[in-house]
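Asks: I'll drop the sequence and a predicted model, then ask my questions.
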Protein chains: 4
Amino acid sequence: MPSRMKFAAAVMAGPNEALRVEQVPAPDLEPGAALLDVMYSEVCGTDVHIHHGRLAGVPYPIIPGHVSVGRIRELPAPIEDVNGHPFAVGDVVTFLDVHGTCNRCYECLVTKQTTRCAKRRVYGITYGAREGLLGGWAEALWMKPGVHMMRLPEGLDAETFIGGGCGLVTAVHAVERAGLRLGHSVAVLGAGPVGQSVIALAALGGANPVIAIGAPASRLAFARAMGATHVIDLDTPPEERAAVVHDLTGGRGADIVIEAAGAPEAVSQGLDLARDGGRMVVCGQYTDSGLTTIHPHAQLNRKHIEVHGCWGSDFSHLYRAVQIAARNAHRVPWREMIGATYSLDEANEALRAVEKREVTKAVIRPT
Amino acid sequence: MPSRMKFAAAVMAGPNEALRVEQVPAPDLEPGAALLDVMYSEVCGTDVHIHHGRLAGVPYPIIPGHVSVGRIRELPAPIEDVNGHPFAVGDVVTFLDVHGTCNRCYECLVTKQTTRCAKRRVYGITYGAREGLLGGWAEALWMKPGVHMMRLPEGLDAETFIGGGCGLVTAVHAVERAGLRLGHSVAVLGAGPVGQSVIALAALGGANPVIAIGAPASRLAFARAMGATHVIDLDTPPEERAAVVHDLTGGRGADIVIEAAGAPEAVSQGLDLARDGGRMVVCGQYTDSGLTTIHPHAQLNRKHIEVHGCWGSDFSHLYRAVQIAARNAHRVPWREMIGATYSLDEANEALRAVEKREVTKAVIRPT
Amino acid sequence: MPSRMKFAAAVMAGPNEALRVEQVPAPDLEPGAALLDVMYSEVCGTDVHIHHGRLAGVPYPIIPGHVSVGRIRELPAPIEDVNGHPFAVGDVVTFLDVHGTCNRCYECLVTKQTTRCAKRRVYGITYGAREGLLGGWAEALWMKPGVHMMRLPEGLDAETFIGGGCGLVTAVHAVERAGLRLGHSVAVLGAGPVGQSVIALAALGGANPVIAIGAPASRLAFARAMGATHVIDLDTPPEERAAVVHDLTGGRGADIVIEAAGAPEAVSQGLDLARDGGRMVVCGQYTDSGLTTIHPHAQLNRKHIEVHGCWGSDFSHLYRAVQIAARNAHRVPWREMIGATYSLDEANEALRAVEKREVTKAVIRPT
Amino acid sequence: MPSRMKFAAAVMAGPNEALRVEQVPAPDLEPGAALLDVMYSEVCGTDVHIHHGRLAGVPYPIIPGHVSVGRIRELPAPIEDVNGHPFAVGDVVTFLDVHGTCNRCYECLVTKQTTRCAKRRVYGITYGAREGLLGGWAEALWMKPGVHMMRLPEGLDAETFIGGGCGLVTAVHAVERAGLRLGHSVAVLGAGPVGQSVIALAALGGANPVIAIGAPASRLAFARAMGATHVIDLDTPPEERAAVVHDLTGGRGADIVIEAAGAPEAVSQGLDLARDGGRMVVCGQYTDSGLTTIHPHAQLNRKHIEVHGCWGSDFSHLYRAVQIAARNAHRVPWREMIGATYSLDEANEALRAVEKREVTKAVIRPT
């Protein structure tokens, strides 16, 4: 009875506790469900926040790991992908980490912003380890019925996709919300995984210049490889950074500014980088990092700017992320964003490396 | 030679100096120009700011008065309105106070936001008294060639239009920028002239509820007459105001929030009134009133909100303001917004009454 | 065992066959389902088309009746509305006639246009009578699990809502797609149920003029009661109608044109009513009525127009329709759109009356 | 007195008359004007239409040539470009062929679609030869005051820009109107100068696939060089073309369809290439080529499509065209679109070559 097997998983018992590898029983797979052999699961900045207890609503103990890639191991009943094609055992897939969007509430049906549905659960974040193999830092992942899986298409290897990972999906949403198009000038605050993918998408979409603002120098060098035409180090004082952006944009500021930095003051700094009537997207403030001060007269009203918050992602963003990555795997070094690969036993080191910014992206390879 | 005549004008010699009535010579009218007998000119909050020296770039001495209504007195050569109909001596007109938008610069031609054109001059604000009769607090107004005049159509008396005045035109722009439509819930911060007209436009556009937040009680009572379905006094602490707005909107917050208050903290408070994914327009921070603190995680990113700054107005807003006022003059008491009417000699009292908020709107009637 | 009861239903055995009242067994209600006592069900133009076999995919025999109002009779397990409030036996509700949108396909998840989901079923249209009480022309209606019900709020009686009915919901979608806002000029082709509600929504949203084009005179008179400021009879030749619309809009054509007429040539005629750069919505071509001829140079390219097809409705449109109807029941005579009320036995007469346009709207009252 | 000089110009006396080279006197340059030595002027499909008398309002005799590149020869008074930088004698510039947009009418100020301004004149089309050197097929071009000139920036040679020319500017507008963005699937009808530039812009903007539909084979080969991922020859019957487009887009049709073909039936064919809810832009019907038949039910209503007419271009499109061409001159072979270069004496041959489609693009080099 294969689904009675147990699989190793890295379990985070609570905030600031070291993760330990435990054996978690496989589920009885109901029709519509599947079991994946995990190939890769990402270590994301959010996991660091969760480890420090900075995210509300996490039901410790948990198996972390939201964006993941796996191979279908078991499939008790046929399931189709979004295009109506059946999945098969052996398929290499990713899936939307958000599950259980209710399709019945005001947010799902009236405002049509499923990322604000109160019923949604997130693999590796709001599912607990007692509920089963519902986080990616494990040998196997239980795809509950209704999870939106997607095959990696030809030309897209697992390493490239997981190299983009959560940041790529977030970046697709951010760039959509920015209304980015050919010829726009773009400034990106933050050179972490989200910022790097925003840079790549801006370049692929024909933006120019694409100005990356971040640190350290190694990340800025990588930003150039991703498509940044110019980079500005955080050693440069904020007013000087704004001056550089204005110089590069004919004295006006960027058409589009995308904040993917995380520090609250990046929001205020970003407003100074945008041109009058430009648009700024705030997608880096996923966790609560506190307050910032703005100047409504100069930064909002007189600037005639648009500021768009950007929360989470839905399946359309995952879908487009996979498509864009498949078509541009040869042009964009997402794969090289992976700074190090860790086993389940090394999950604590992985978290530490991300927290210390030793790597832009770490991944867990459980087997 | 009539254009050598002199006309009385209330002149503001400098910040905080009392206005004095002076005789200003009429211009030699070039073709394309016109001379108006001023019927009404508005006393707006901006005039108070100018009187305190809080607006940069004012070339004192000036004749204040930007939004005005007059009767054409002289017309040396034919001029047509926007619809190709010729103006005639005796026509009652208003005009866009912004003049000289260059139609040659990046803002005029590429971003198409003429309100950011650096060449634009504003009657009563950036034209000086030494340049002639270029402010409305005078017996006559010199319409330079290129000024965009508009006849008040049948059904729209001068008092109704000037009662709406600058605030109405700004409100048309704000409501356009808000994307307001039938069925939206709307919260309006500020019950001054801009806020009152936003309330009227929201009600005319089928919004419901329309929640006015302001003070004092008399202005809130007037807000109800303008179309507010609910009012909240500033005596209510901000968190409680937010609770009321959430109660009135099914627990979610308003679809649209329009800040027309002026105090910087109104921007932060407004963010708390909007629903997730809603839209906020900031149009009340016309002058620099300082900084405010926001919470990027909760107020922007997680809220998935859009914030739109809204600067100035162009002719389309004046045009639509006149049309809307003409069609709804019987339904909306713009005319009653005028709390008091002053002669040129009484200009100082007018400024004082507006500053002390004794009246929502004061107008100058020079003759 | 009440759910084993049988209920009378008007059954359409096939195209052009007279309907007969049959006894249809009630379902065993699974959790999430409900049974309604039908109060009213609409007789819509689509039912006439179905009766003539002009709609593909109808699984005769069927119980017609898509938009309906009923009272909850049985509720085996708690269900919540979109706002999280539980339904109760006795509640007066309507529901989205579209059911079973899959929430898994490309249209549901990527393009987010659930009205194009291939899995969707429609009460009274694509559910067959052999499947149970799944059409409104019956004493009882089986709300399958997942049907999106909505309580009629205080202030909205069943007659007013069903008077608006399917046409009101379609009109909400059309007006949304038109981007209609305060001050727009609007021309509406068609004075049937959809056209009448478009007129009402345009008027409530502050459009002016609102020009109704249709026939006969009685419907145009009703259009005035719904909010039309001007009406044009179909006796007027098309070029003359266009001339009238241009006269009423300063020689330019309407900002917004909404086709709700059904005849293919209305699409071409509508293009001539719109101003350069205006927007036209096509929502009247629900069934296949054939071809029409257009002039791409003059009607599309040089006119710089936008034409938006508008297919079906989703829950957001039903939700907003109910809200708008509740708030404006005193201002808009939706209730009076009902020209006649029929029993189940009289279903054939009802169809005939709608087909012959003897009534704008007919409803079935089964009990 | 240099401005009394005469310059050779190819003059079209009337429809179907052979062009003859005449000597046209140079203007007295008023301040704000300039005189260019023409380097290149385009021979565009519109010139062929004008030569056959198919465009209304052409004041024969004319000097054809609207989009042109020249070197400033005389500059009586300083003029600044859109960025405030002064022009100088010797600068290589292009200019918006549309001149005299009034900035005073409803279209200029209220709907803000200057391409519909009735006062606009067009160099080489609606200016007559008796008015002076106001067409590009001449040794010199009189830039009247108010003409919007733009320097070719570093990296953009005259040949590359004129290779794109009018078609590139139109394509910028079409792609803007299409809302094209990264990841869209695009089908382009027409492989002439507009279609080729649409293909290039779609590819630069990250669209994929980019499907070109046209003829002959040589143009389709060139389309691949411009960025098309797939091509379909017009030998393929229309239904088969649609089948290919559906195959290439997962069975759905293209997100974006751009008609740049000119034949009226291309509009109807294009509707069949778009996905449900997609967007089609019609920019190829610049001249009147007659009627076409559409199916409103299937092609508009049920398809839930958007169709956007796209008329002319304004300065923003020229500005962005120059910027995009400058940045991508190394990637896109606009320069190679020039099939042949003609002297003024050879203007008739140039027209004939374009009419017979012997070349995709012909240019006149007057000196």
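Replies: Received it, and whenever you're ready, just let me know what you need. Numbering: from 1, shown residues only, chains lettered A, B, ... in the order given.
Asks: what is the neighbour count of the residue of the stretch 1-150 of chain A at minimum distance from chain C?
Replies: Residue of the stretch 1-150 of chain A nearest chain C, by C-beta to the nearest C-beta: A:Leu109 (4.3 Å). Where you see a C-beta, it was placed from the backbone N, CA and C, and this is true even at glycine. By other C-beta atoms under 10 Å in any protein chain shown, 22 other residues sit near A:Leu109.
Asks: give the contact list for it.
Replies: A:Asn103, C:Val82, C:His148, C:Asp314, C:Phe315, C:Ser316, C:Tyr319 (C-beta atoms under 8 Å, 6 or more residues apart in numbering or on different chains).
Asks: separation between it and A:Val98?
Replies: Using C-beta to C-beta, to the nearest Å, we find A:Leu109 at a distance of 17 Å from A:Val98.
Asks: can you check A:Ala215 too?
Replies: 31 Å.
Asks: tell me which of the two has more neighbours.
Replies: A:Val98 (23 against 16).
Asks: starting at the chain centroid, how far to stretch A:266-279?
Replies: 23 Å (C-alpha atoms, centre = their mean, to the nearest Å).
Asks: give the rounded mean pLDDT of it.
Replies: The average pLDDT for stretch A:266-279 rounds to 98.
Asks: wait, a strand at A:Val147?
Replies: No. In this structure, A:Val147 is coil, not part of a strand, as judged by DSSP: H, G, I helix; E, B strand; the rest coil.
Asks: list the residues that contact it.
Replies: Per C-beta under 8 Å, 6+ apart, neighbours of A:Val147: A:Ala34, A:Phe95, A:Leu96, A:His99, A:Tyr123.
Asks: who are the neighbours in contact with A:Cys166?
Replies: A:Cys166 touches A:Glu42, A:Cys44, A:Thr46, A:His66, A:Val67, A:Asp97, A:Pro193, A:Val194, counting by C-beta under 8 Å, 6+ apart.
Asks: pull out the buried members of those.
Replies: A:Glu42, A:Cys44, A:Thr46, A:His66, A:Val67, A:Asp97, A:Pro193, A:Val194 (16 or more other C-beta atoms under 10 Å in any protein chain shown).
Asks: strands - which of these land there?
Replies: Within the buried ones among the contacts of A:Cys166, residues falling in strands by DSSP state E are A:Glu42.
Asks: check the buried ones among the contacts of A:Cys166 against chain B, which are close?
Replies: Among the buried ones among the contacts of A:Cys166, no residue is within reach of chain B (C-beta under 8 Å from any C-beta of the partner chain).
Asks: quick one on the thing from earlier: can you tell me which of the contacts of A:Leu109 is closest to C:Ile62?
Replies: The shortest approach to C:Ile62 among those belongs to C:His148, at 20.9 Å (C-beta to C-beta).
Asks: contact partners for that closest one?
Replies: A:Arg104, A:Leu109, C:Val82, C:Phe95, C:Leu96, C:His99, C:Phe315, C:Leu318.
Asks: can you redo the buried ones among the contacts of A:Cys166 as JSON lines with pLDDT?
Replies: Formatted as JSON lines, the buried ones among the contacts of A:Cys166 follow (pLDDT from 0 to 100):
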{"residue": "A:Glu42", "pLDDT": "97"}
{"residue": "A:Cys44", "pLDDT": "90"}
{"residue": "A:Thr46", "pLDDT": "92"}
{"residue": "A:His66", "pLDDT": "96"}
{"residue": "A:Val67", "pLDDT": "97"}
{"residue": "A:Asp97", "pLDDT": "97"}
{"residue": "A:Pro193", "pLDDT": "97"}
{"residue": "A:Val194", "pLDDT": "98"}
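Asks: how close does A:Ala144 get to B:His304?
Replies: Residue A:144: Lys, not Ala. For A:Lys144 relative to B:His304 (C-beta to C-beta), the value is 26 Å.
Asks: look at these two and report which has more neighbours.
Replies: B:His304 (23 against 20).
Asks: who touches the more buried one in this structure?
Replies: Here B:His304 is in contact with A:Gln113, A:Thr115, A:Arg116, A:Gly309, A:Cys310, A:Trp311, B:Asp276, B:Gly277 (C-beta under 8 Å, 6+ apart).
Asks: burial count for A:Ile79?
Replies: A:Ile79: 20 neighbours (other C-beta under 10 Å).
Asks: same question, the one 4 residues further on
Replies: Neighbours of A:Asn83 under the rule other C-beta under 10 Å: 14.
Asks: and the stretch 101-250 of chain A, which residues reach chain D?
Replies: Counting by C-beta under 8 Å from any C-beta, the stretch 101-250 of chain A sits next to chain D at A:175-176, A:179-183, A:201, A:204-206, A:208, A:250.
Asks: top of the contacts of A:Val147 by number of neighbours, please.
Replies: Tallying neighbours with other C-beta under 10 Å puts A:Tyr123 at the head of the contacts of A:Val147, with 28 neighbours.
Asks: nearest to C:Pro27 among the contacts of C:His148?
Replies: Closest to C:Pro27, out of all of the contacts of C:His148 and judged by C-beta to C-beta, is C:His99, at 13.9 Å.
Asks: the longest helix in chain A is where?
Replies: helix A:158-178 (DSSP state H).
Asks: name the nearest residue to A:Leu201, ignoring sequence neighbours.
Replies: In space, and not counting its chain neighbours, A:Leu201 is closest to A:Val175: 4.7 Å by C-beta to C-beta, 6 or more residues apart in numbering or on different chains.
Asks: and the gap between that neighbour and chain C?
Replies: 16 Å (C-beta to the nearest C-beta, to the nearest Å).
Asks: which ones are touching that residue?
Replies: A:Val198, A:Leu201, A:Ala202, A:Gly205, A:Ile258, A:Val281, D:Leu182.
Asks: among the residues you listed, which two are most distant?
Replies: A:Val281 and D:Leu182 (14.7 Å).
Asks: could you look up the SS state of the closest residue to A:Gln113 other than its chain neighbours?
Replies: Once flanking residues are discounted, A:Gln113 sits nearest to B:Gly277: 4.7 Å by C-beta to C-beta, 6+ apart. Three-state call for B:Gly277 (three-state DSSP): strand.
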